[in-house]
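Student: what's the 3D shape of this:
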Amino acid sequence: MSECDECGGEGILIKERGREKHFKCAECGTFFIEVEDKAVEITAVLSHQEESERRRISVPGDAELAVGDDMLLDDVICRITKVEVGVRSVPRAMPRDVECVWLIDRSYVRLRLAIRTGKGKTQSILMEARPETEFTVGQLLEFEKADLRITGIRADGRTLRRGTALADEITTIYCSTVR
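Tutor: Modelled structure (predicted):
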């Protein structure tokens, strides 16, 4: 059932015509029409770590697709990384114009750890974390066989020497080994 715009009463379905549904309010007798938004099928490339999968997805026809926006796809939070219209990449477009949308799985984010091992050497390794995980300068991390202390965090284009950042914002975590 649908809700009346005039009084908020319950609308009774009278007839359906294509995507239009005609209702009459049971309380005030007002007639109103609701139009279902047509879904659009587009091609999507979903990347998770080193694997990518190409498939057709259905999106609402009036929902603009923009780079950097998040969307839910099969209970997985995905971020739009590229929108293709024809042969060009654009920052945003309506679904009817989109040829392909590129998505990245955001259920986990990949972080680079730059570990200072001593004697001027740095080792780089990758780590996965939930996007909402907080990392703080000075925090101890247990990683494989070593304990690490965070000495800096590269997030949103700047390096933090103190403070906290969310994993979703971080590109690199600088660490040193703890003896």
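Student: Neighbours of F143, how many?
Tutor: 14 (other Cβ atoms under 10 Å). All C-beta atoms are positioned from the backbone trio N, CA, C, and that covers glycine.
Student: Look up how far T171 lies from it.
Tutor: To T171, F143 is 18 Å away according to Cβ to Cβ, to the nearest Å.
Student: Same question for D69.
Tutor: Taking Cβ to Cβ, one finds D69 at 20 Å from T171.
Student: And for T30?
Tutor: 55 Å.
Student: same thing with A26?
Tutor: Plainly put, A26 is 57 Å away from T171 if you go by Cβ to Cβ.
Student: Check S2 too.
Tutor: 47 Å.
Student: so where's the chain uncertain?
Tutor: 1 (pLDDT under 70).
Student: Tell me which residues touch A129, please.
Tutor: The contact partners of A129, taken as Cβ atoms under 8 Å, 6 or more residues apart in numbering, are 108-109, 111, 135, 167.
Student: Pick out the most distant pair among the residues you listed.
Tutor: Y108 and F135 (14.4 Å; Cβ to Cβ).
Student: Check which helix or strand I80 maps to.
Tutor: strand 76-85 (DSSP states H and E).
Student: coming back round to it: Y108 and F135: who's more crowded?
Tutor: F135 (20 against 16).
Student: how's the chain carved up into domains?
Tutor: Following automatic domain parsing, one gets these domains for the chain: 2-35, 39-105, 109-177.
Student: which one is D62 nearest to, not counting chain neighbours?
Tutor: Spatially, and ignoring its direct neighbours in sequence, D62 is nearest to D37 (5.4 Å; Cβ to Cβ, 6 or more residues apart in numbering).
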